[in-house]
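Undergrad: Using only what follows, build the 3D model:
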Amino acid sequence: MLTIKDIAKESGYSVSTVSRVLNNRRDVSPEAKKRITEIVAARHFVPNNNAKHLKQNSSKTIAVLVKGTSNMLFASIVEAIQKKVEATRYTVSINYIDEDDNEVEEALTVCREHKPLGMLFLGGNPKFFEKAFEAVKIPCVLVTNQGALLGFDNLSSVATDDEAAAESAIDYLIRQGHEKIGILGGDFALSHTSKQRYLGCVKSFQKHQISFDEEQYYEKARFSYESAYEAMKRLLKKAEGITAVFAMSDVIAIGAIRAIIDGGRRVPEDISVMGFDGITMAEYYNPKLTTIQQQYSILAARSVEILLQNIDWNIAPVHEVIPFHLVQGESVKKINASLAEN
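TA: So this is what the prediction gives:
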C-alpha cells in the first residue's frame, strides 16, 4: 500500500511537506504542491482517515510560529528545524504571520486548534509575552530573541545578543573612518529586535563620542526588499552627507543598495552598506555584503534540542546566547573621515 513516505521519496520533498499538501495547508510552495498532487493523482493515493484521526487525537506535532514572510534568516532556520525534527518521532507544523502581528495571540489559536506538544517562536515581542503568554501551557522556545528576563517556567530561548552585535557593527564602520552613518531598521514600537539593535548602535556612538540625530539619520523599514528600497530613498533625501548605512538585516541592506545605485551612487565607493544576519545571499550578492553573521544552524539545532528536552523530561528553562561573527565583504570602504566632511 502506498504511504506518505513513498510519496515523499518519489517527489523529492519531505514527509512534512507531503502532509501539508494533503491537508491543504497554505505554507507550501506552488512547485511542491503541483509535484505532490500529480503523484497523488497518478498513484491513486487515498489517505488513511483512521490513522489521521488517531494522529489528531495523539499529537506529536511541534509548531513553529514565524514572524514575517520576507525574513531570509528565518527561512534558513525553518529549513534547519525541519531537518532536525524530522529525524525524531515528531512532525513539524509551520505557521507564518506578519512581522507586526501578535505572535502570542496566534500561539493561543494554534494551541486550541492543533494541540501541539511544543512550540518554537521565530521572532517575538516581549510586550506580547508579558501580556498573554501565561495562558500558553506547552513548552516553548523563543528563537533569535532573548527570553530569560520574561521569567516563564515553560519558555526557553536561544538567541544572538542583538545589542552587542549592532554595537560591533557601528564600531567597525567607525574604525573604517565613517562618522555620518545612517541606520535602517524597524518600528521600535513593534519590533523588539530593532529596538535592541538600535540601543547597540547608540552605545557605539556614545563610546566614540559621535553625536547621532535619530530624526535625521534613522529611517523605518519593514524587513523586506521593497520597504528597504523606499526607506533608503527617504534617508538619502534627509541625510545627504552620510558615507555609510547600517541595515538591521541583509534583506534591508540589499534593498538599500539597489536604491543607492538607482539614485546614481555607488556602493561602496560613495556610500558603504553593512548588513545583519549573514544570509546565504549576502555572500553571493554584488558587492558581497559586509555583515553581522548569526549562526542559524546552531540557533536551529539548539532550539529543537532544548524544546524536545522540555517535552520529554520537563527540564527547567534554558537560555543560551549564541556568538555572532563580523564578516568582512566588499560593501564597506575605508575612508579618511576628515576628507569625508569636506
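
Undergrad: in the chain, which spans are strands?
TA: For the chain, the strands defined by DSSP state E cover 61-67, 91-97, 118-122, 140-143, 155-159, 181-185, 218-220, 244-247, 272-277, 290-293, 319-321, 325-327.

Undergrad: Partner strands of the third one, with direction?
TA: Neighbouring strands of strand 118-122 in its sheet, by DSSP bridges, are strand 61-67 (parallel), strand 140-143 (parallel).

Undergrad: what's the answer for the last one, then?
TA: Looking at strand 325-327 with DSSP bridges, its paired strands and their directions are strand 290-293 (antiparallel).

Undergrad: outside of the strand it pairs with, which residues touch it?
TA: 165-166, 168-169, 172, 250, 253, 272-278, 282, 324-332 (C-beta atoms under 8 Å, 6 or more residues apart in numbering). Heads up, the C-betas are built off the backbone N, CA and C, glycines and all.

Undergrad: pLDDT weak spots in this protein?
TA: Counting by pLDDT under 70, the chain shows low-confidence ranges at 1, 24, 26, 44, 46-59, 337-342.

Undergrad: Which residue ranges make up each domain of the protein?
TA: 1-57, 162-294+326-341 (automatic domain parsing).

Undergrad: Buried deepest among those domains, which one?
TA: Among the domains of the chain, the stretch with the highest mean neighbour count (mean count of other C-beta atoms under 10 Å) is domain 162-294+326-341, at a mean of 20.

Undergrad: Now distance to residue 117 and mean neighbour count too, for the strands paired with strand 118-122, in TSV please.
TA: Shown next, in TSV, are those (distance: least, C-beta to C-beta, whole Å; neighbours: other C-beta atoms under 10 Å):
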stretch	distance to residue 117	mean neighbour count
strand 61-67	6	25
strand 140-143	11	29
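
Undergrad: In CSV, list those strands along with distance to residue 192.
TA: As requested, the strands paired with strand 118-122 are arranged in CSV below (distance: least, C-beta to C-beta, whole Å):
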stretch, distance to residue 192
strand 61-67, 10
strand 140-143, 11
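
Undergrad: Identify whichever of the ones you listed lies nearest to residue 227.
TA: Nearest to residue 227 among the strands paired with strand 118-122 is strand 61-67; the distance by C-beta to C-beta comes to 15.0 Å.

Undergrad: Would you map the helices across the stretch 51-200 of the chain?
TA: Applying DSSP state H, counting those that start in this stretch to the stretch 51-200 of the chain gives helices spanning 72-86, 103-114, 126-132, 162-175, 192-207.

Undergrad: Dihedrals phi and psi, residue 139?
TA: Backbone torsions of residue 139, given as degrees, to the nearest 10, read phi -60, psi 140.

Undergrad: Use 46 as the first number for this chain going forward.
TA: In the new count, where the first residue is 46, that last one comes out as residue 184.

Undergrad: Contacts only, for the residue nearest the centre of the chain.
TA: Nearest residue to the geometric centre of the chain (C-alpha atoms, centre = their mean): residue 119, 3.6 Å. Neighbouring residues of residue 119 by C-beta under 8 Å, 6+ apart: 111-113, 167-168, 189.

Undergrad: so the longest helix along the chain versus helix 117-131, what angle?
TA: When the chain is parsed with DSSP state H, its longest helix is helix 341-358. Here the directions of helix 341-358 and helix 117-131 differ by 40 degrees (axes from the mean of the first three to the mean of the last three C-alpha atoms, to 10 degrees).
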